[in-house]
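> just to be clear, the model below is a prediction. Sequence and coordinates:
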Amino acid sequence: MQQDLNKCLVGANEIKAKVKELGEQISKDYAGKDLLVIGILNGAVIFMADLIREITIPINIDFMAVSSYGATTESSGVVRILKDLDQSVENKHVLIVEDIIDSGLTLKYLVEILKSRGPASVKVCTLLDKPDRRKTEVHVDYNGFVIPDEFVVGYGLDYDEKYRHLQEIYVLKEEIYHS
Ligand code: XMP
Ligand code: MG
């Protein structure tokens, strides 16, 4: 294991099984509906790629990139759109795919923006949820794993743009992000 990483929190097989389960549930829930799956760059990229291949109904995909101003491992709640969608969400059922919900501030903002654009519905699917850190109430419709309040990397999640390619989810050593 790399020296900055503490322990493996979620293994590759566990992730695979959960992603399959989520894909099956989403396929059931949206059967016969016009579904647009929106991945939030960059963190959700790996999860999104695996999840959509477990979805068995026709879908469209698109991506958005947002950045929250401020500290390195803390969300400030002020969110800026770096890349907007390429397609309209009007009258479509929208599913936002996130890597992790922490304070919930990013997600709250995203849901508000998308709802203002006239979609048929907006729901949220996240791989990880850190409920201890919530600063605002957000509704999560599909959740992979509830995790403790620790900074995690791997399977799309980064620290300083590193570790996104790892197949498992690891806890980053505290001295790394507190130094
Ligand atoms: P909020 O606080 O707005 O933040 O819910 C969500 C975004 O914060 C990042 N984030 C993390 N990234 N390991 C990461 O690699 C973590 O433990 C972590 N916690 C929050 C992430 O970009 C997410 O989309
Ligand atoms: Mg990040």
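Structure received. Quantities reported herein were computed from a predicted structural model and do not represent experimental measurements. Ligands and ions are numbered 1, 2, ... in the order given.
> Gln2 is in what secondary structure piece?
Gln2 is part of no helix or strand when elements are defined by DSSP states H and E.
> max-length helix in the protein?
Under DSSP state H, the helix in the chain containing the largest number of residues is helix 12-29.
> tell me which strands and helices that one is in contact with?
Here helix 12-29 touches helix 45-52, strand 121-129, strand 142-146, going by 3 or more CB pairs under 8 Å, 6 or more residues apart in numbering; DSSP states H and E. C-beta here means a position set from N, CA and C on the backbone, and glycine is covered the same way.
> repeat the analysis, applying 10 Å as the threshold.
Helices and strands touching helix 12-29, by 3 or more CB pairs under 10 Å, 6 or more residues apart in numbering; DSSP states H and E, are strand 35-41, helix 45-52, strand 93-101, strand 121-129, strand 142-146, strand 169-172.
> with mean neighbour count, distance to ligand 1 and mean pLDDT as extra columns, can I get these in JSON lines?
Converted to JSON lines, the helices and strands packed on helix 12-29 look like this (neighbours: other CB atoms under 10 Å; distance: least, CB to the nearest ligand atom, whole Å; pLDDT from 0 to 100):
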{"stretch": "strand 35-41", "mean neighbour count": "22", "distance to ligand 1": "6", "mean pLDDT": "98"}
{"stretch": "helix 45-52", "mean neighbour count": "20", "distance to ligand 1": "11", "mean pLDDT": "98"}
{"stretch": "strand 93-101", "mean neighbour count": "23", "distance to ligand 1": "5", "mean pLDDT": "98"}
{"stretch": "strand 121-129", "mean neighbour count": "21", "distance to ligand 1": "7", "mean pLDDT": "98"}
{"stretch": "strand 142-146", "mean neighbour count": "17", "distance to ligand 1": "12", "mean pLDDT": "98"}
{"stretch": "strand 169-172", "mean neighbour count": "22", "distance to ligand 1": "7", "mean pLDDT": "96"}
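> reformat the ones you listed as TSV; add distance to Tyr163.
What follows is those, written out as TSV (distance: least, CB to CB, whole Å):
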stretch	distance to Tyr163
strand 35-41	16
helix 45-52	11
strand 93-101	12
strand 121-129	14
strand 142-146	17
strand 169-172	7
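> if we can go back for a sec, list the buried residues for the longest helix of the chain?
15, 18-19, 22-23, 26 (16 or more other CB atoms under 10 Å).
> that one to strand 121-129, inter-axis angle?
Counting by axes from the mean of the first three to the mean of the last three CA atoms, to 10 degrees, helix 12-29 lies at 170 degrees to strand 121-129.
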